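Engineer: Predicted model and sequence below, questions to follow.
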Amino acid sequence: MAFLLTQTQTLLPQTLWTLKRPFLYKRPNHLPFRIDNVYSQSQGVSTLNANNLSQRREKLEANTDPISILNERIRRHHSNRDSARPVMDSEETDHYIQLVKQQQQRGLQKLKGDREAKEGGVFSYKVDPYLLRSGDYVVHKKVGIGRFVGIKFDVPKSSTEPIEYAFIEYADGMAKLSVKQASRMLYRYNLPNETKRPKALSKLSDTSAWERRKTKGKVAIQKMVVDLMELYLHRLKQKRPPYPKSPTMAEFAALFPYKPTPDQQQAFIDVEMDLTERETPMDRLICGDVGFGKTEVALRAIFCVVSAGKQAMVLAPTIVLAKQHFDVTSERFSRYPNIKVGLLSRFQTKAEKEDYLNMIKDGELDIIVGTHSLLGSRVVYSNLGLLVVDEEQRFGVKQKERIASFKTSVDVLTLSATPIPRTLYLALTGFRDASLISTPPPERVPIKTHLSAFSKEKVIAAIQYELERGGQVFYVLPRIKGLQEVMDFLEESFPDVDIAIAHGKQYSKQLEETMEKFALGKIKILICTNIVESGLDIQNANTIIIQDVQQFGLAQLYQLRGRVGRADKEAHAYLFYPDKSLLSDQSLERLAALEDCCELGQGFQLAERDMGIRGFGTIFGEQQTGDVGNVGIDLFFEMLFESLSKVEEHRVISVPYHSVQMDININPHLPSEYINYLENPMEIINEAEKAAEKDIWNLMQFTENLRRQYGKEPYSMEILLKKFYIRRMAADIGISRIYSSGKRVGMETMMSNKVFKLMTDSITSDAIRNSLVFEEDQIKAELLLELPRDQLLNWIFQCLVELHASLPALIKY
C-alpha cells in the first residue's frame, strides 16, 4: 500500500494508464463503489486528500491525453469557419473552380502593370539587382535571407571576359551571383512591421533551415487560399433572381447633372450587369479617387434594388459621412415620394431610434443610412437586398466580419478611394470583382502637396493665402490632446476669424452643429482629428494642414488630402512633420510615396505601394504575420499567386465512413465496473458510431459529453474511441483501408502525390514525417520494431491526427 501511495503522490504517468482505474471516474451519488477505501488503511492520508488527488489526476489527464488535444484543435478550427457553408459535390466544385480560374486570369491581367508576369501567368515579385542599394536585405529563393553588398565585375572560371556579379553577405560567408541569375532568384526582403531587419541571416552551408521556413509559409498560404476559395464557392452557390431591367432606371440615370467619365460609365455598366444579368449576389469593389463619382454608382445600384421592392443599407464609418450620404441620397430620390430614406445615428433620441427600428422591420423604410449601429442585432430588416459599404478599411475587425457575413446572402457594393490591401488583393486575384474609376472629372485640378518640417510661419502663410481668396481651411491633428493648443495659437494669429474644434468624443449635437456651420461657410478654420478623413464634401475648403504626419497611415493621409480640391480652384495640402531625425524609415517611405502620387486618380497605385510598407495584419489577418516574417512580403505574395493559380491541385476527395476498412485486430474489453457504471454501454457505443459517421465535430462533441457525464474513460474505452476517430479522420482525408504486417503499416488512398506532400509538409512530428512514404496509391510506414496491438493503434491515431491537421489547406470536395 505504501508503494501505491508513493505512486499517487508523485502522479507518475504510468499509473494513469492501467486498464482498471475506477478512481478516475466522477462520483455521482448512484456510483456502485467508493474510491476512498483504497486509501483509508494508509497512514496520514485522509479521505479528503484522496479525493483531491483523484480530482487533480483527472484534471491532469483530461488536459494531456491525445483525444483532448485533438478535440481542442477541432474546436478551434470549427470556430474559425462558417458552419453554415453547404457541402458541394465533385461536379459542382469543378464548375466553380473553373469560374474562379477565369476570375484570377482577369485579375492577373490588371495586376501586371510595370511588373512582368512569369511564364504560365504566375505573377512575379522579383527585384531588379540594379535597383538594390548596399545594405538592403534580400531573399534568395533557394538559400534564404542575405544582405546585398553591391555589384562588381569579376572574371568567371570558364572565361577570360569579366562579367557583373551581385555580392550577397550571409551568416557564414559571401555569395556571388551573376546579375542575370540574381534577377531570376532575388526578392527584396520587406517585413510587415516598422523594422526591415530580419532576425538573422541564413547560412550558405545549411539551407535546410531556410527550406523549413519556406515550407511553413507555403502551408500557411495554402490554408489561406483554401479558406478564401471556400468562401467564394459558397457565395457562387447562393442564388437570387436577377433584378428586372426597368425603363425608370434610364430616367433616374438621366437626372445625373454631370457627364460621366469613361471609367465611371464602365462602372455603371458593371454594376448593372451584376444586378440584372447574374444570379449570384454581387460583391464588387468600386475603387475611385475622392470626388470621382463613386456615390453615383452606388445610387444607381440602390435605385435598381429598391425599385424591385427590396431594402438597401448604406454603411459609413463616421456619423459625419453618414449624414452626408443621407443628404445626397435624400436629394437624389426627392422626385420619388414612394421611396423612403432614413438615417439611424447616435444623434437620435431613444424614442426616435425605436421608431426607425420598427419602420425598418416593417419595411416602411426603403433606404437606411447609418454607421456600424446598422450591423447590430436589434436592426432587423424586412427584405434587405443591397449593402453599400463606404470606406470598409475604417471599420473594426468584428464589424468587418459582420459585413462579410452579409456577402453570402445580399448584394454588396464597397466604395473606397484607397482600399485596404486585403480588399485590393482579393479584387485582383479574382475572388472579387473590381471597377476602377481613375479618370478625374474634366474640371478637377490636381492638389498641390507640400511636405516640410513644421514651422508656425509656414502655417500662418498657408492659412492667410486661403482666407484671402475666400476659402476655408481644415487643420488636422492625429490626437484630441493637441487640438486646444492649436486653437489658442490660431485665435491669437487670426483674432477676427471664426474657428472651431471637431472630434469624435464631442457631444453628438455639438459635433453636428459644428460640421453644419463649417459646411455652410460660417466657420472658416476647422481644427479636427481624422474624423473628416472620409466623406466631408465641402467645395469651398481648398487648403488642408496636417500636423505630425508621421502618425498617420498612408491610406489615411491620402484620404485626408482628398478633403480638398473638390472644386475648380487649385487646392493645397500641407504635410508637416516635427523633425526628420525623429521619423522611422517606414514613415519617410510613406511620405515619399505620397509626394510621388500627387497626380489625381492614384489611390489605387498608392494602395499597392502601401503593401510593402504598412502593417501586414490588415491584409490576411494577424495569424499570417509570422509566416510572412519567415520569407518576406515579396516572396510571400509570389507564393500566394502561385498557390492561387494551382488551387485545384490540392484537392482531397473524402470517402464514406463505413467504407473505411481497418484490418487491425484489436477488440478491447471494458472493465466490469465501468460497464455497470455506464448502465447501457451498448447504446453509448452505438451513439459514438453514429456521431463518427456524421463528422468529426459530432464525434468530438459526443466524446466531451461522455467525459462530462462519466469522467475520464478507462484505457480500454479510450482505445475504442480512438478506433472511431481513426476511421473518421481516414474518411475525411480519403483513406479507404488501413492495415499492418509486422513492422509495416499501409494506408490505401486515392489522394495525389502533391496532396500527400502538402500533408507531410504540415506534420510537426519529425519522427512521423520521416517514416511516411507515398507509393502506388498507398501511404506506407516502416516502424523501428513490431508494436503490440494497442500501441500500434496509438501510433496510427497520432499519424492520422498529424495528416488530418492539414485538412484546412485542402479543398475538400
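Structural biologist: Okay, I see it.

Engineer: Please go through this structure and pick out the longest helix.
Structural biologist: When the chain is parsed with DSSP state H, its longest helix is helix 208-237.

Engineer: Quick one: mean pLDDT over the helix or strand following it.
Structural biologist: Counting by DSSP states H and E, the next helix or strand C-terminal to helix 208-237 is helix 247-254. In this model, helix 247-254 has an average pLDDT of 92.

Engineer: Go through helix 247-254 and flag the buried ones.
Structural biologist: Burial within helix 247-254, assessed by neighbour count using 16 or more other CB atoms under 10 Å, is assigned to 249, 252. Where C-beta positions appear, they are placed from N, C-alpha and C, glycine not excepted.

Engineer: can you give me the offset of it from its chain's centre?
Structural biologist: Computed by CA atoms, centre = their mean, to the nearest Å, the chain-centroid distance of helix 247-254 equals 39 Å.

Engineer: just stretch 225-232 next, same as before
Structural biologist: The chain centre lies 11 Å from the centre of stretch 225-232; the measure is CA atoms, centre = their mean.

Engineer: Determine the number of other residues adjacent to the residue lying closest to K812 once chain neighbours are set aside.
Structural biologist: Closest residue to K812 in three dimensions, ignoring its sequence neighbours and counting by CB to CB, 6 or more residues apart in numbering: V652, at 5.9 Å. If you count neighbours by other CB atoms under 10 Å, V652 ends up with 22.

Engineer: Same check on H234?
Structural biologist: Neighbours of H234 (other CB under 10 Å): 17.

Engineer: Same check on the one 10 residues further on?
Structural biologist: Using other CB under 10 Å, P244 has 11 neighbouring residues.

Engineer: so what's the backbone phi/psi at the residue nearest to K812?
Structural biologist: Per-residue torsions, V652: phi -110, psi 130 (degrees, to the nearest 10).

Engineer: again with K157
Structural biologist: Taking degrees, to the nearest 10 as the convention, K157 sits at phi -60, psi -40.

Engineer: Doesn't I779 belong to a helix?
Structural biologist: No. The assignment for I779 (DSSP: H, G, I helix; E, B strand; the rest coil) gives strand, which keeps it out of a helix.

Engineer: all strands of the stretch 451-600 of the chain, in order?
Structural biologist: Using DSSP state E, counting those that start in this stretch, the strands of the stretch 451-600 of the chain run over 472-476, 499-502, 525-528, 541-547, 572-577.

Engineer: Extract the C-alpha trace of the last one and format it as CSV.
Structural biologist: Below are the C-alpha coordinates for strand 572-577, written out as CSV (Å, rounded to 0.1, in the frame of the first residue of the first chain):
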residue,chain,number,x,y,z
HIS,A,572,-3.1,72.8,-51.3
ALA,A,573,-2.2,70.1,-48.8
TYR,A,574,0.5,71.0,-46.3
LEU,A,575,2.0,67.9,-44.6
PHE,A,576,4.1,68.9,-41.5
TYR,A,577,6.5,66.6,-39.6
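
Engineer: Show me what that strand packs onto, helices and strands only.
Structural biologist: strand 448-453, helix 456-468, strand 541-547, helix 554-561, helix 585-596 (3 or more CB pairs under 8 Å, 6 or more residues apart in numbering; DSSP states H and E).

Engineer: what angle sits between the second one and strand 541-547?
Structural biologist: Spelled out, that is helix 456-468. Angle of helix 456-468 versus strand 541-547, following axes from the mean of the first three to the mean of the last three CA atoms, to 10 degrees, is 160 degrees.

Engineer: now helix 456-468 against strand 472-476, angle please.
Structural biologist: 150 degrees.

Engineer: list the helices and strands the biggest strand by length in the chain packs on?
Structural biologist: Scanning the chain for the strand with the most residues, using DSSP state E, yields strand 144-154. Judged by 3+ CB pairs under 8 Å, 6+ apart, the packing partners of strand 144-154 are strand 137-140, strand 163-170, strand 173-178, helix 208-237.

Engineer: mind putting those in JSON lines, distance to K509 included?
Structural biologist: As requested, the helices and strands packed on strand 144-154 are exported to JSON lines (distance: least, CB to CB, whole Å):
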{"stretch": "strand 137-140", "distance to K509": "53"}
{"stretch": "strand 163-170", "distance to K509": "63"}
{"stretch": "strand 173-178", "distance to K509": "66"}
{"stretch": "helix 208-237", "distance to K509": "41"}
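
Engineer: which of these sits most buried?
Structural biologist: strand 137-140 (a mean of 24; mean count of other CB atoms under 10 Å).

Engineer: What lies in contact with that strand?
Structural biologist: The list of residues contacting strand 137-140 from outside it, by CB atoms under 8 Å, 6 or more residues apart in numbering, reads 127, 132, 145-148, 168, 175, 177, 185-189, 196-198, 202, 631-632, 634-635.

Engineer: Wasn't M747 part of a helix?
Structural biologist: No. Assessed with three-state DSSP, M747 is strand; it does not lie in a helix.

Engineer: Just list whatever residues bridge to it.
Structural biologist: For M747, the beta-bridge partners are I738, I779 (DSSP bridges).

Engineer: That one: how many residues sit nearby?
Structural biologist: 25.

Engineer: Is it in contact with A730, as I believe?
Structural biologist: Yes. In this structure, M747 is within contact of A730 by CB atoms under 8 Å, at 7.1 Å.

Engineer: Residues that sit against both of the two, list them.
Structural biologist: Taking CB under 8 Å, 6+ apart as the criterion, M747 and A730 both touch I738.

Engineer: that older thread, neighbouring strands for the longest strand of the chain, and are they parallel or not?
Structural biologist: Assessed with DSSP bridges, strand 144-154 is paired to strand 137-140 (antiparallel), strand 163-170 (antiparallel).
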